[in-house]
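**Student:** From the sequence below, what's the structure:
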Amino acid sequence: MRSLWHLFGAAALVGVVVAARPAHALDPDDAINSARQTITHHRNTLTDIQTAMRRSYVHERSAAQRLADGDLLLRTRDFERAAMVYNQIIDKYPGHQAAYAEASFMLGEAYYRSGQMLSAQRAYNRVVEKGSSGRLAAFRSRVPADGCCSQKNS
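**Tutor:** Now for the predicted structure:
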C-alpha cells in the first residue's frame, strides 16, 4: 500500500513538472502597448465619471427647495438634519440674501428647539450682528431676547 502512495505521488510530481511552462516576460514593445491600453481605458473611465458628476450638479436643489427641506425637517422634529440643511444653505448661498437670511434665523431655531442653546445663541447673534439692513433685518425682530438661551441651559 505504501509503495502505491509513493507511485501516485511520483506520478503527480511528474504531471506538475510536465504541465508547468517556463515563465517569460513581455516583449518591451508589447509591454508599452499594454500599458498604453490600460491608461487609455482608465482615462475613458475617468472621463465617464466626470461627465456623470457634471450631470448630477445640474439637478441640484435650489435654495428655495433646500429651505423647504429644512422647514419640513424642523416640523418633523428632525432638528439635527434641519440644522445641517440650514448650514449648507448658509455655506452655499452667501450671496443669496433671502435664502441666507432665512437659513441663518432657522438655524438658530433648529438649535434652540433641539436644546443646543450655545449653538442657537451663535446663530441668533449672527442674525442680530448682520441684520441691521437687508433681508436679515426682517428676522432680527424674531430673534428671542438674550435671556432665552441661557434659561434652557440651566
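
**Student:** where do the helices sit along the protein?
**Tutor:** 2-19, 28-58, 63-75, 79-92, 97-114, 117-130, 135-140, 147-153 (DSSP state H).

**Student:** I'd say residue 113 and residue 76 touch.
**Tutor:** No - the criterion here is C-beta atoms under 8 Å, and residue 113 misses it with residue 76 at 11.5 Å. (Each C-beta comes from the backbone N, C-alpha and C, glycine too.)

**Student:** Those two: which is more packed in?
**Tutor:** Each of residue 113 and residue 76 has its neighbours counted (other C-beta atoms under 10 Å); residue 113 has more, 14 against 10.

**Student:** Not counting sequence-adjacent ones, nearest residue to that one?
**Tutor:** Counting by C-beta to C-beta, 6 or more residues apart in numbering, residue 113 lies nearest to residue 79, which is 5.5 Å off, once chain neighbours are set aside.

**Student:** That neighbour and residue 94: what is the separation?
**Tutor:** Separation of residue 79 from residue 94 (C-beta to C-beta, to the nearest Å) stands at 23 Å.

**Student:** and residue 125, how many neighbours?
**Tutor:** 15.

**Student:** Fine by me, thanks again.
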